[in-house]
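Asks: Mind looking at a prediction? Sequence and model below.
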Amino acid sequence: MIQVDHLTKSFGRVRAVDDLSFEAPNGTVTGLLGPNGAGKTTTFRVIYGLLRPDSGSVTIDGRDVVSQRLDAQRQLGALPDVRGLYPRLTAREHLRYFGQLHGVSVDRLEARIEDLARQIGMTEFLDRRTKGFSRGQELKVALARALIHEPPNLILDEPTNGLDVVSSRAVRRLIAELRDAGCCIVLSSHIMAEVEAMCDRLVFIAHGRTVMEGTPDELRRRTGRDNLEDVFVDAVVEGDAADLHKELGT
Amino acid sequence: MLSGLDPTRQSALKRTRIVFHKEVIDHTRDKRSLLLALVYPLLGPLLLAVLMHVSSQALDTRAVERLAGTGSGVVLTVPASGLHLVPGLRNYLEAIGLRFVAPPADPEDAVREARADVVLQVTPPDTADGRPLVTIIHDPRRITSSTPAGVVRNGINSFSDAQVATYLTEQGIDIASLTPVTLRLVNVGNEASLALLFYNMIPPLAVFMIFLGAVYLAIDTTAGERERGSLEPLLTAPARRSELLLGKSLAAVLFTAVTVAINLGAFRGLLGIVVWQNPELAPPPGWSVMASMFFIALPLMLLAVSIQMAIATITRTMKEAQIYLGLLPIMPALPAMALAFAPISPSPQVAVIPVLGQLVQFGRLLSGDLPTPIEAISSAVITTLFAALVFRFAIGSFQRERQFFAG
């Protein structure tokens, strides 16, 4: 379970995340949605231990990401928005490197790599160097890298971005399987149909703050909108309006 | 979940080793890293060997010795004209080893364009005293021209002196009474000392390679990793930043060590070939000297990599890192180059200064001595401590949040 509690993070005078709170339970896919610059990436970076919060806290299965960073990171698999592969290493070597860093035992690691390659559909290029990979192939390697140590919590930033229809469907199926196995998954996506298909809970954020959260059905009921995209736009616009009021002091 | 994790968890050492192993594999596949580590260290020795060979040919001091009458046979062929205008000159010069051929049509152009090294011209008198004019055309920019020009000039002067001596003796004048002193030149310079001049260039070139060997690896594993976007996923792994940077740095140290080993080995090998072809040259420093230099250089390698890492983690882009780190090898190589020509006395204060301390020890080894134990130990300890201090700074820089924001 991932718990974000009153998280605030600024860069100079820019407040990227502003008193953000939400909870992502186990066995649930939580969608963290917001317009560009809403603070999603900063929030993810705090969750996976890259940035220190100015205030507030983040815990992963009860481990604080600042004071117990390594313990917290062991419970987490991360797929950042930039896939960041090493062009001179093969896909297998990527998985081996991260598996070893996560402490996966040698005898387990090779079997795990083969399993993941089959599951994600990367057997064909498993032993090819990643230079020249398509975006879809890069994403598959990055996704496998996030899953190599069988983490109980997952952060997936745009997990199907760049994938073709068949591969997207395979990834969605994989995410559903992980959720059914009890994994806590937080993902972001700009594709509302995908969000609707994958997410059990949604957290809408704007200007670094939570503007609405709940299950898709709850959000539809609350806003009186049938379409999730309309719900999202309303929530974000409300967030903007609230900001404007705050700035004007009205 | 987490069923495959090692229940004992990894030690910091193991994580460092994993990163080290990955970086070594990664960069042994990288042409730029390999070029710097395997090919660049051959260039300095190759250049020095070629220069030494050419200089040794040009400064063939045996010719001078023969001119002094200690040898026989032709030692220098000179294009010349008008020798008949000075009676006895041709015979005198041929007797001391010069041979004459027809001059080119355009003597000055021929020397300027290196078609001839030196040309001797004797022209009829154009002044009232009726003395023929002897002209030596040479190009002092070329050692292959200035050396034979000196030989010809000495021959002409020697001929003039002999003529004067003969005339004065015929007049009944004692030559000794006209010369208050007797001049004797003892030339201790020979090919052997020429070689030593070149061997003094080994330390500055080796220091240059120490600070160059792993430059690309340092850039690629820090600024490059950030720019490529692979730093972010790497930092999501449960490892301390210090462990990651240490693993990368150790890979850089390995590449530097390989570079320096190749460099020193190439110096010994290539200079050895030159000496084999020119047996008069002093033998190059032995393999044991080169091995000692390598071990003395080890703390300096740590310092070089620490500085490279510190700079690479401070800079925001690969391009910026390349600019600064491209200049880095020149900084220690410049004083090293100066010391090659103007050695300093090896005081205890100098011995503890990183780079200078190692240079003092290199100098001792090249001159056939051994560094004193106090020199060797204090230099190694201080340089290693300094390297640790700089590395601590690099870790601090690597931990800063701006690491994630390239450009």
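Replies: In hand now; what should we look at? In this text, all values refer to a predicted model and were calculated from it rather than measured experimentally.
Asks: What strand or helix carries residue B:160?
Replies: Using DSSP states H and E, residue B:160 sits in helix B:143-170.
Asks: tell me which residues of that helix are tucked away?
Replies: For helix B:143-170, burial by neighbour count (16 or more other C-beta atoms under 10 Å in any protein chain shown) applies to B:144-152, B:155-156, B:158-159. For every residue, glycine as well, the C-beta is placed using N, CA and C.
Asks: So for that helix, mean pLDDT?
Replies: Throughout helix B:143-170, pLDDT has a mean value of 85.
Asks: just checking, what packs against it?
Replies: Under the contact criterion of 3 or more C-beta pairs under 8 Å, 6 or more residues apart in numbering or on different chains; DSSP states H and E, helix B:143-170 touches helix B:40-58, helix B:61-65, strand B:76-81, helix B:89-95, strand B:98-101, strand B:118-123, strand B:133-138, helix B:175-178.
Asks: repeat that with 6 Å
Replies: Helices and strands touching helix B:143-170, by 3 or more C-beta pairs under 6 Å, 6 or more residues apart in numbering or on different chains; DSSP states H and E, are helix B:40-58, strand B:76-81, helix B:89-95, strand B:118-123, strand B:133-138.
Asks: Helices of chain A, residue ranges please.
Replies: Using DSSP state H, the helices of chain A run over A:40-47, A:69-74, A:91-101, A:106-120, A:135-147, A:165-180, A:192-198, A:216-223, A:228-248.
Asks: quick one: which of the buried residues of helix B:143-170 is nearest chain A?
Replies: Closest approach to chain A among these (C-beta to the nearest C-beta): residue B:144, at 48.0 Å.
Asks: So for stretch B:272-281, first residue to last residue, what's the gap.
Replies: Stretch B:272-281 stretches 10 Å from its first residue to its last (C-alpha to C-alpha, to the nearest Å).
Asks: buried residues in that stretch?
Replies: Across stretch B:272-281, burial judged by 16+ other C-beta under 10 Å covers B:272, B:274-275, B:278, B:281.
Asks: so the helix holding residue B:160 versus helix B:40-58, what angle?
Replies: If you take axes from the mean of the first three to the mean of the last three C-alpha atoms, to 10 degrees, helix B:143-170 sits at 20 degrees to helix B:40-58.
Asks: Let me know the angle separating helix B:143-170 from strand B:118-123.
Replies: 40 degrees.
Asks: And the pLDDT for residue B:64?
Replies: On the pLDDT scale, residue B:64 gets 51.
Asks: repeat for residue B:319
Replies: For residue B:319, the predicted pLDDT is 90.
Asks: can you check residue B:74 too?
Replies: In the prediction, the pLDDT value recorded for residue B:74 is 58.
Asks: rewinding a little: show me the buried residues of stretch B:272-281 that map onto helices.
Replies: Among the buried residues of stretch B:272-281, DSSP H puts B:272, B:274-275 in helices.
Asks: just those now: which is nearest chain A?
Replies: Nearest to chain A out of those is residue B:272 (C-beta to the nearest C-beta; 36.4 Å).
Asks: Wait, the closest one touches residue B:284, no?
Replies: Yes: with contacts counted by C-beta atoms under 6 Å, residue B:272 reaches residue B:284, the gap being 5.4 Å.
Asks: any chance of the helices of chain A in JSON lines, plus mean pLDDT?
Replies: Formatted as JSON lines, the helices of chain A follow (pLDDT from 0 to 100):
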{"stretch": "helix A:40-47", "mean pLDDT": "93"}
{"stretch": "helix A:69-74", "mean pLDDT": "94"}
{"stretch": "helix A:91-101", "mean pLDDT": "96"}
{"stretch": "helix A:106-120", "mean pLDDT": "92"}
{"stretch": "helix A:135-147", "mean pLDDT": "92"}
{"stretch": "helix A:165-180", "mean pLDDT": "89"}
{"stretch": "helix A:192-198", "mean pLDDT": "86"}
{"stretch": "helix A:216-223", "mean pLDDT": "89"}
{"stretch": "helix A:228-248", "mean pLDDT": "68"}
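Asks: Residue ranges of each domain in the chain, please.
Replies: All of this refers to chain A. Using automatic domain parsing, the domain ranges for chain A come out as A:1-75+A:152-162+A:180-250, A:85-150.
Asks: Sorry, I should have been clearer: chain B.
Replies: Taken from automatic domain parsing, chain B resolves into B:12-57+B:192-404, B:61-187.
Asks: that older thread, looking at the buried residues of stretch B:272-281, point me to the pair that's furthest apart.
Replies: B:272 and B:278 (11.2 Å; C-beta to C-beta).
Asks: residues making contact with the host helix or strand of residue B:27?
Replies: Using DSSP H and E, residue B:27 sits within helix B:12-28. Helix B:12-28 is contacted from outside by A:86, A:88, A:97, A:100-101, B:33, B:217, B:221, B:239, B:243-244, B:246-248, B:250-251, using C-beta atoms under 6 Å, 6 or more residues apart in numbering or on different chains.
Asks: ok so, going back, the buried residues of helix B:143-170 into CSV, with extra columns for distance to residue A:23?
Replies: Listed next are the buried residues of helix B:143-170 as CSV, based on distance: C-beta to C-beta, whole Å:
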residue, distance to residue A:23
B:144, 85
B:145, 87
B:146, 87
B:147, 88
B:148, 92
B:149, 92
B:150, 92
B:151, 95
B:152, 97
B:155, 101
B:156, 102
B:158, 104
B:159, 107
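Asks: Among these, which one lies nearest to residue B:376?
Replies: For the buried residues of helix B:143-170, the nearest to residue B:376 is residue B:147 (41.5 Å; C-beta to C-beta).
Asks: interface residues of chain A facing chain B?
Replies: A:48, A:50-51, A:70, A:73-74, A:78, A:80, A:82, A:84, A:86, A:88, A:97, A:100-101, A:103-105, A:108, A:112, A:150, A:152 (C-beta under 6 Å from any C-beta of the partner chain).
Asks: Residue A:210: how many residues sit nearby?
Replies: Number of residues near residue A:210 (other C-beta atoms under 10 Å in any protein chain shown) recorded here: 20.
Asks: Run a quick neighbour tally on residue B:232.
Replies: Counted with other C-beta under 10 Å, residues neighbouring residue B:232 total 23.
Asks: isn't it right next to residue A:79, touching?
Replies: No: applying C-beta under 6 Å, one finds residue B:232 not in contact with residue A:79, separated by 10.5 Å.
Asks: any weak-confidence spans in the stretch 101-250 of chain B?
Replies: Where the stretch 101-250 of chain B drops to pLDDT under 70, the residues are B:127, B:185-193.
Asks: how about 90 then?
Replies: For the stretch 101-250 of chain B, the stretches with pLDDT under 90 are B:112-117, B:124-132, B:139-152, B:154-155, B:157-158, B:161-198, B:200-201, B:223, B:226-229.
Asks: residues from it in reach of chain A?
Replies: B:228-230, B:232-233, B:235-239.
Asks: for residue B:232, phi and psi?
Replies: Backbone torsions of residue B:232, given as degrees, to the nearest 10, read phi -60, psi -50.
Asks: ok, and the closest non-adjacent residue to it?
Replies: Counting by C-beta to C-beta, 6 or more residues apart in numbering or on different chains, residue A:80 is the residue found nearest to residue B:232 once chain neighbours are left out, at 4.8 Å.
Asks: any idea of the pLDDT on the one you found?
Replies: Looking at residue A:80, the pLDDT reads 91.
Asks: what sits against it?
Replies: A:157, B:232-233.
Asks: same check, this time on residue A:200
Replies: Each residue near residue A:200 by C-beta under 6 Å, 6+ apart is listed here: A:28-29.
Asks: mind redoing it with 10 Å?
Replies: Residues in contact with residue A:200 (C-beta atoms under 10 Å, 6 or more residues apart in numbering or on different chains) are A:24-25, A:27-31, A:179, A:185, A:215-216.
Asks: go on, residue B:112?
Replies: B:106, B:137, B:139, B:141-142, B:145.
Asks: Could you identify the pair within those that is furthest apart?
Replies: The two members of the contacts of residue B:112 with the most space between them (C-beta to C-beta) are B:106 and B:141, at 18.3 Å.
Asks: Would you mind telling me which of these two has more residues around it?
Replies: Neighbour count, other C-beta under 10 Å: between residue B:106 and residue B:141, residue B:106 has more, with 13 against 9.
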